[in-house]
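*Asks:* build the 3D model from these lines:
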Amino acid sequence: MRIRSPQLAVTALASLFAFNTAWADEVQVAVAANFTAPIQAIAKDFEKDTGHKLVAAYGATGQFYAQIKNGAPFEVFLAADDTTPKKLEAEKETVPGSRFTYAIGTLALWSAKEGYVDAKGEVLKKNEYKHLSIANPKAAPYGLAATQVLDRLTLTEATKGKIVEGQNITQAFQFVSTGNAELGFVALSQIYMDGKVTHGSAWIVPSNLHDPIRQDAVILNKGKDNAAAKALVEYLKGPKAAAVIKSYGYER
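*Replies:* I've put the predicted structure just below:
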């Protein structure tokens, strides 16, 4: 019978761990604010399954575009639209062939108050509120979608003096959650989990009231030689990530 020394076994395990971590990389990711909760959930499985580490920054898509053009160290960009990644692609700022749609977003009209928003969004038309929160439509695609909804419901003029504009969708959500606005347009992912609205009251806005919110991901030039960047993009296409994305109310 052959007996291995415990010390040799420990040494072998340590060597194996060192070998695996030597191949692990870190990826710097610019993440649209609406996708904060999903990517945080995905990151845990990604790091466990691949050994790579995901470092995320959250903000408005338009602001990230400006930062990327000014040399920000991002390697992967998860945008809240498809036009910004296409623009970066046309400007030769991305790895060719890496762009794809990772999610299709859903807009919701939300109030932190239970029962305040009805299932058909009639509260918006009644116009009895003082403040309506939206994200900056010039920088945040969900803000642009909100203005399209108001336009198609012929409510643009009626709500003009009531709009409270957040820098991004996170700030728009915060205005409502803190009571600074009675209601606002937010990303469904901010208030939704496993098939239901988690708190407050909401109207899930029909998709025909605004342009599709196609959210594209792309590897930026700074990530072209980073194994973690490539691994993340592939992981986002896989079944584990898809399940998380769907659980937050997105389509694929």
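*Asks:* so where is the stretch 1-150 of the chain shaky, pLDDT-wise?
*Replies:* 1-23 (pLDDT under 70).
*Asks:* let me see the contact set for the residue positioned nearest the centre of the chain.
*Replies:* The centroid of the chain falls nearest to F35 when counting by C-alpha atoms, centre = their mean (1.7 Å). Counting by C-beta atoms under 8 Å, 6 or more residues apart in numbering, F35 touches L78, A80, A103, S189, Q215. C-beta here means a position set from N, CA and C on the backbone, and glycine is covered the same way.
*Asks:* and L88, by the same measure?
*Replies:* Y65, I68, F77, T94, V218, L220.
*Asks:* could I get the residues you listed as CSV with secondary structure?
*Replies:* As requested, these are exported to CSV (DSSP: H, G, I helix; E, B strand; the rest coil):
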residue, secondary structure
Y65, helix
I68, helix
F77, strand
T94, strand
V218, strand
L220, strand
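*Asks:* ok, these vs L155, which is closest?
*Replies:* Y65 (29.1 Å; C-beta to C-beta).
*Asks:* the closest one reaches K87, doesn't it?
*Replies:* Yes. The pair Y65 / K87 is scored as a contact, 7.3 Å apart, by C-beta atoms under 8 Å.
*Asks:* quick one: which of the two has more around it?
*Replies:* A count of neighbours by other C-beta atoms under 10 Å puts Y65 above the other of Y65 and K87, at 23 against 15.
*Asks:* not counting its neighbours along the chain, what's nearest that one?
*Replies:* Nearest non-adjacent residue to Y65, counting by C-beta to C-beta, 6 or more residues apart in numbering: T84, 5.2 Å away.
*Asks:* quickly find the element holding that neighbour.
*Replies:* According to DSSP states H and E, T84 maps onto helix 83-90.
*Asks:* buried stuff in that helix?
*Replies:* By 16 or more other C-beta atoms under 10 Å, the buried positions in helix 83-90 come out as T84, P85, L88, E89.
*Asks:* next SSE after that helix?
*Replies:* strand 100-105.
*Asks:* what sits up against that next one?
*Replies:* Strand 100-105 has contacts (C-beta under 8 Å, 6+ apart) with 34-35, 38, 78, 80, 82, 141-142, 187-189, 212-218, 233, 236-237, 241, 245, 250-252.
*Asks:* drop anything exposed from those.
*Replies:* 34-35, 38, 78, 80, 82, 141-142, 187-189, 213-218, 233, 236, 241, 245, 250.
*Asks:* out of these, list just those in strands.
*Replies:* L78, A187, I213, R214, Q215, D216, A217, V218 (DSSP state E).
*Asks:* who does the fifth one bridge with?
*Replies:* Taking DSSP bridges, one finds A103 as the beta-bridge partners of Q215.
*Asks:* so it makes contact with T84?
*Replies:* No. If you go by C-beta under 8 Å, Q215 and T84 don't touch, sitting 10.0 Å apart.
*Asks:* list residues touching both of those two?
*Replies:* By C-beta under 8 Å, 6+ apart, no residue touches both Q215 and T84.
*Asks:* mind listing the helices for the stretch 51-200 of the chain?
*Replies:* 61-69, 83-90, 122-126, 141-152, 156-159, 169-177 (DSSP state H, counting those that start in this stretch).
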